[in-house]
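Undergrad: Sequence and predicted structure are below.
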Amino acid sequence: MVRINFKRVSTVAVAIALGMLAHGRAIAQSGISDTEIRIGMWTPLSGPLSLLGTSTRDAVKIWSDDINARGGIHGRKIKFIAYDDAGSPQEAQAAVRRLLTQDDVFMLLGGSVSGSTLPVRQVIDRAKVPFLASISSNINLMQPFSRYLFRIYANEISLSEHLVEWAVKDMKSKKPAIIYTSNDYGIGGYNAIRDFMRKSYGIDFVAAERYNPNDQDFSAQLLRIRSAGADSILVFSFAAEAGIIVRQAKELGINVPLFGGAATATPLFQRAAGDAARGFVAVYPLPELTETSTAPAVLAYRKELEKLYPGGMPAGRPSEYDFLAYTAAKTVGQALERAGRTLDREKLVQELEATRKFDTGLTFPISYTAESHEATGRASIIQVGDDLHWKMIQSSAN
């Protein structure tokens, strides 16, 4: 006869039940329930950088609305939560803490400019929350390597190499100068370009001028660049500031070729530069121009964006940040589909690392490995034509 110790069985049963409850809570705390997946974002929705943030937010909203209309992913709908950091590091830190501790998100998507993303990098890494960045190109976002951080487009090193090769190799510049913003984006770009020029071509900037964000008068910096005898000028700024710099350069009689980083490559540049924009060249993180491309994926996205703005789309939209964020969201979506119903953060990371040549038709194809979370090194070169519209003049094939 088998004797059963009911007291012991009850104790074990309670322990198992508590364990299951704790497991259920752990799942809930990781941003997943039986019916939803919570995805968070902090991004500049107001202020001078709001084009980047509103583009990023809208793209993820378009994706999540489409997913939810089709019943979700393995029965779970997307709950998308976005906060405005106004491009402020302090606001970014508060927003990320809120997303992680109060909103209890499963992952983070999009992010903010470099100056508002780098300060929260360690917080995200320590929390082991997957984050797929679609705005910051700063190399330090991915250094040291983190299992939980991914980027959707070429970093500043890759972008700088494409830009330098155009200026030095194709345009034969031997005495380049640079003017750059004093935030993390500008300083990172300056360092990357300078190092690549020294290593690959044995040349250095004849002048390197810095300015502070929100400055409006750049004549002192430009005059020093002219006195240095520069035969080209790289403008490493956001689009609105770059437009003012280029316009003031022309007003000062500076007629050397002008080049810009990826943040200048939006229609907002021409709005600030006016006629002085003609001929300006920029590195561009996409294979398709947001303004003029007739690629099916571009036309389809424009149609969805128009639904968000039935009274007319805002100026500069869609921007490259629309396409980058939409691709980031679609990349997450395909990883979630492969991960299946039994989902946790580690499984999402594994599926992101298994992504190979994922192509939305809006960006360069996306590939990750366990060793590299940089999606691509490819970029394009674009130029403002006589009609003041961007035109494609070179697209990366490697």
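TA: Done, it's in. Numbering: from 1, shown residues only.
Undergrad: what about residue 91, distance to residue 396?
TA: Using Cβ to Cβ, to the nearest Å, one obtains 35 Å as the distance from residue 91 to residue 396. Just so you know, the C-beta spots here come from the backbone N, C-alpha and C atoms, and that holds for glycine as well.
Undergrad: Equivalent analysis for residue 239, please.
TA: 21 Å.
Undergrad: before we move on, what about residue 61?
TA: 30 Å.
Undergrad: Okay, now the unreliable bits of the stretch 251-398 of the chain?
TA: Scanning the stretch 251-398 of the chain with the threshold set as pLDDT under 70 gives 397-398.
Undergrad: mind running it again at 90?
TA: For the stretch 251-398 of the chain, applying pLDDT under 90 flags the ranges 263, 266-268, 288, 291-292, 315-316, 394-398.
Undergrad: can you check the stretch 1-150 of the chain too?
TA: Along the stretch 1-150 of the chain, segments meeting pLDDT under 90 span 1-30, 48.
Undergrad: ranges for the strands of the stretch 101-250 of the chain?
TA: Along the stretch 101-250 of the chain, counting by DSSP state E, counting those that start in this stretch, strands occupy 107-110, 131-133, 149-151, 176-181, 207-211, 232-236.
Undergrad: burial of residue 261, as a residue count?
TA: 31 (other Cβ atoms under 10 Å).
Undergrad: List the contacts of it.
TA: Applying Cβ atoms under 8 Å, 6 or more residues apart in numbering, we find residue 261 in contact with 156, 159-160, 163, 189, 234-237, 282-283.
Undergrad: Might one say that residue 182 is in contact with residue 209?
TA: No: assessed by Cβ atoms under 8 Å, residue 182 is found out of contact with residue 209, at 10.4 Å.
Undergrad: and these two? which has more neighbours close in?
TA: Between residue 182 and residue 209, counting by other Cβ under 10 Å, residue 209 is the more crowded of the two (20 against 14).
Undergrad: Kindly state the pLDDT recorded for that one?
TA: Per-residue pLDDT puts residue 209 at 98.
Undergrad: these two touch, right, it and residue 179?
TA: Yes: here residue 209 reaches residue 179: they are 4.6 Å apart, a contact under Cβ under 8 Å.
Undergrad: What segments of the chain are helices?
TA: Here the chain has its helices, by DSSP state H, at 6-29, 50-69, 89-97, 114-117, 121-127, 156-164, 184-201, 219-227, 239-251, 267-273, 296-308, 320-339, 345-353.
Undergrad: Of all these, which one comes closest to residue 149?
TA: Smallest distance to residue 149 across those (Cβ to Cβ): 6.7 Å, for helix 121-127.
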